[in-house]
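In: My questions concern the predicted model and sequence given below.
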Amino acid sequence: MLSKERIKEIIQFNEDFILNEIDTIIPREGIVLPRGLRKVAIIHGIRRCGKSFVLFDIFRKNKDVSLYLDFEDERLVNIISSDLDKIREGFFELKPDLLHRRNIIFLFDEIQSVPNWERFCRRLCEKDNIRVFVAGSSSKITPRHIHTSLRGRAWGIELFPFSFLEFLKVKNLALEKIIYKKDIVKIKNSLIEYLKWGGFPEVALCKSNFARRKVLKEYLDAMFFKDLLEKYKITNIHLIDTLKENLFSTFGRKFSLSSFYRKYHSQFPFSKDTLSVYYRYFLDSMLVYETRLLASSAYRRMRNPPVIYLADIGLAKRVKSNDKGYLLENLVFLELKRKGCELFYFNEVGECDFIVKSNGGYKAIQVTYELNEENQDREISGLVDACKTLKIGQGTIVTMDQEANRKAHKTNIRVVPFWKWLAKPR
């Protein structure tokens, strides 16, 4: 049992830490917070993607009416559900003038391990009119897995590591402020760096490649052991490790569980059911994402293998020289995912990387690092096939550094560099 005085000490400590010890907070893009709705905001995403700093940012902008608690703080590890009311009581004892104010904000980091936290947050929101924000890395805190007491009362916010636009802010660059050619060179050089190291905030702030490698290795180890082995009590270590190596080295390509089973089941024992469960663990832990085939039949969508993408390209196992094309494709996927787009891949006569469904219509996007004589027929024909099938007159090919307007089989094709596609997506 935790005393109220101890909780008050932690509340004051956190306030001082956020206001006086945190140096830089990069504002995150595309985060839509609930306004005027009595819903608990659930900020979820992969470990180390910056969820805590989103809470810090909200706190700083509302410092006079906010409370922040991190439940991974060792002083709170033994907190139980009966202690939760002491948080509210302690806060208002520290700030009694706020007792009858509206729009008080409570920010809870990693609260998911506390029993009955959902009911507590719901009561704060509905009965006390307190705006509640919860952040966590566990799959238990995603809208799909939260307790039924919060169903219909949660506002899900999925957070990713830095986008390229946010990465540019770290470099004090902005696409909308490009004036001179030297600025374009800086943007392109930053994209090369981003393509190599990804967007984890701590990695983006590292000053050396040695530090970046070290941090990424520590992240991957922590995610693998804490979010998979320990959390799910994995027993077949060889299987989960082999699956990880395959997923993290074949991103941007179709991944078939049946093919994986045929390839490895004679080398070490495992069942198809165990393989399927372990694969689901990677998805639930938000380490990987998948796109499914565009098809009118749900059965056909699920019968065809998904294309796998990583939560951040810093996690990629680069084992082939042509990985840079898949890395760029992974970046495009993440940018579309951040915008909340519904994504599919197209595979009929030709193939197209992304079919974006939005506002009742479709967009077709192909991605290639460089459009050249060897691949242009395949890339263009796949895009044209998708456009004709979907009855749309224009498609886009995103490249690293090429720009052009083309026409093929009555289809308008916009070839555009990744950074310019971000600035003016169509």
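Out: Now that the structure is in, tell me what you want to look at.

In: Residue 340: neighbour count?
Out: 10 (other CB atoms under 10 Å). The C-beta positions use only the backbone N, C-alpha and C, and glycine is treated the same way.

In: How confident is the prediction for it, by pLDDT?
Out: For residue 340, the pLDDT comes out at 88.

In: Provide the secondary structure category for it.
Out: coil (DSSP: H, G, I helix; E, B strand; the rest coil).

In: ok, it to residue 30 distance?
Out: Per CB to CB, to the nearest Å, residue 340 is found 8 Å from residue 30.

In: repeat for residue 303
Out: Residue 303 sits 33 Å away from residue 30 when distances are taken as CB to CB.

In: Between these two, tell me which one has more neighbours.
Out: Neighbour tally, residue 303 and residue 30, criterion other CB under 10 Å: the higher count belongs to residue 30, 15 against 10.

In: How about the contacts made by the more buried one?
Out: Counting by CB atoms under 8 Å, 6 or more residues apart in numbering, residue 30 touches 338-339.

In: How confident was the prediction at it?
Out: Value for residue 30, per-residue pLDDT: 83.

In: Likewise for the one 4 residues further on?
Out: The per-residue pLDDT reported for residue 34 equals 81.

In: what about it, how many residues close to it?
Out: Around residue 34 there are 16 residues (other CB under 10 Å).

In: ditto for residue 267
Out: Residue 267 has 9 nearby residues by other CB under 10 Å.

In: mind checking the SS state of it?
Out: Going by three-state DSSP: residue 267 is coil.

In: before we move on, what about residue 158?
Out: Note that with three-state DSSP, the state of residue 158 is strand.

In: now the one 4 residues further on
Out: In three-state terms, and counting by three-state DSSP, residue 162 is coil.

In: Would you agree it is in contact with residue 26?
Out: Yes - the criterion here is CB atoms under 8 Å, and residue 162 meets it with residue 26 at 7.2 Å.

In: what touches both of these two?
Out: With CB under 8 Å, 6+ apart as the test, residue 162 and residue 26 both reach 50, 170, 201.

In: show me what contacts the first one?
Out: It refers to residue 50. 26, 28, 159, 161-162, 201 are the contacts of residue 50 under CB under 8 Å, 6+ apart.

In: Now tabulate these in JSON lines and tack on distance to residue 292.
Out: Shown next, in JSON lines, are the contacts of residue 50 (distance: CB to CB, whole Å):
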{"residue": "26", "distance to residue 292": "33"}
{"residue": "28", "distance to residue 292": "28"}
{"residue": "159", "distance to residue 292": "23"}
{"residue": "161", "distance to residue 292": "24"}
{"residue": "162", "distance to residue 292": "27"}
{"residue": "201", "distance to residue 292": "30"}
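
In: which one among these gets closest to residue 249?
Out: residue 161 (19.3 Å; CB to CB).

In: re the thing from before, can you pick out the most distant pair from the contacts of residue 50?
Out: Taking CB to CB, no two of these sit farther apart than 26 and 159, at 12.4 Å.

In: Which one of the two is surrounded by more residues?
Out: Using other CB under 10 Å, the more surrounded residue of residue 26 and residue 159 is residue 159, with 19 against 16.

In: from memory that one sits against residue 28, does it?
Out: Yes - the criterion here is CB under 8 Å, and residue 159 meets it with residue 28 at 7.1 Å.

In: quick one on the thing from earlier: which one of the contacts of residue 50 is nearest to residue 357?
Out: Nearest member of the contacts of residue 50 to residue 357, counting by CB to CB, is residue 159, at 22.5 Å.

In: Report the beta-bridge partners for the closest one.
Out: Using DSSP bridges, the beta-bridge partners of residue 159 come out as residue 45.

In: what residues are up against it?
Out: 28, 31, 43-45, 49-51, 54.

In: Which two among those residues are spaced furthest apart?
Out: 28 and 44 (13.7 Å).

In: Name the residue in these two with the higher neighbour count.
Out: Between residue 28 and residue 44, counted using other CB under 10 Å, residue 44 has the larger neighbour count: 25 against 22.

In: Skipping adjacent residues, who's closest to that one in space?
Out: residue 142 (4.8 Å; CB to CB, 6 or more residues apart in numbering).

In: Same check on residue 237?
Out: Residue 237's closest residue in space is residue 229 (CB to CB, 6+ apart), at 7.3 Å.

In: shouldn't that neighbour be in contact with residue 240?
Out: Yes - if you go by CB under 8 Å, residue 229 and residue 240 touch, sitting 7.0 Å apart.

In: and the two? which has more neighbours close in?
Out: residue 240 (22 against 15).

In: check contacts around that one.
Out: 228-229, 234, 278, 281.

In: Which SSE is immediately downstream of the helix or strand containing it?
Out: For residue 240, the host element (DSSP states H and E) is helix 237-249. Later in the chain than helix 237-249, the nearest helix or strand by DSSP H and E is helix 257-264.

In: how about the helix or strand that that next one is followed by as PDB, C-alpha atoms only?
Out: Next helix or strand after helix 257-264 toward the C-terminus (DSSP H and E): helix 272-284. The C-alpha coordinates for helix 272-284 follow below in PDB (Å, rounded to 0.1, in the frame of the first residue of the first chain):
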ATOM      1  CA  LYS A 272       2.100 -24.800 -37.700                       C
ATOM      2  CA  ASP A 273      -0.100 -23.600 -34.800                       C
ATOM      3  CA  THR A 274       2.900 -22.500 -32.700                       C
ATOM      4  CA  LEU A 275       4.400 -20.700 -35.800                       C
ATOM      5  CA  SER A 276       1.100 -18.800 -36.300                       C
ATOM      6  CA  VAL A 277       0.900 -17.800 -32.600                       C
ATOM      7  CA  TYR A 278       4.500 -16.600 -32.600                       C
ATOM      8  CA  TYR A 279       3.900 -14.500 -35.800                       C
ATOM      9  CA  ARG A 280       0.900 -12.900 -34.200                       C
ATOM     10  CA  TYR A 281       3.100 -11.900 -31.200                       C
ATOM     11  CA  PHE A 282       5.200  -9.900 -33.600                       C
ATOM     12  CA  LEU A 283       2.100  -8.100 -34.900                       C
ATOM     13  CA  ASP A 284       0.600  -7.500 -31.400                       C
END
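
In: Go through helix 272-284 and flag the buried ones.
Out: With burial defined by 16 or more other CB atoms under 10 Å, the residues of helix 272-284 counted as buried are 275, 278-279, 281-282, 284.
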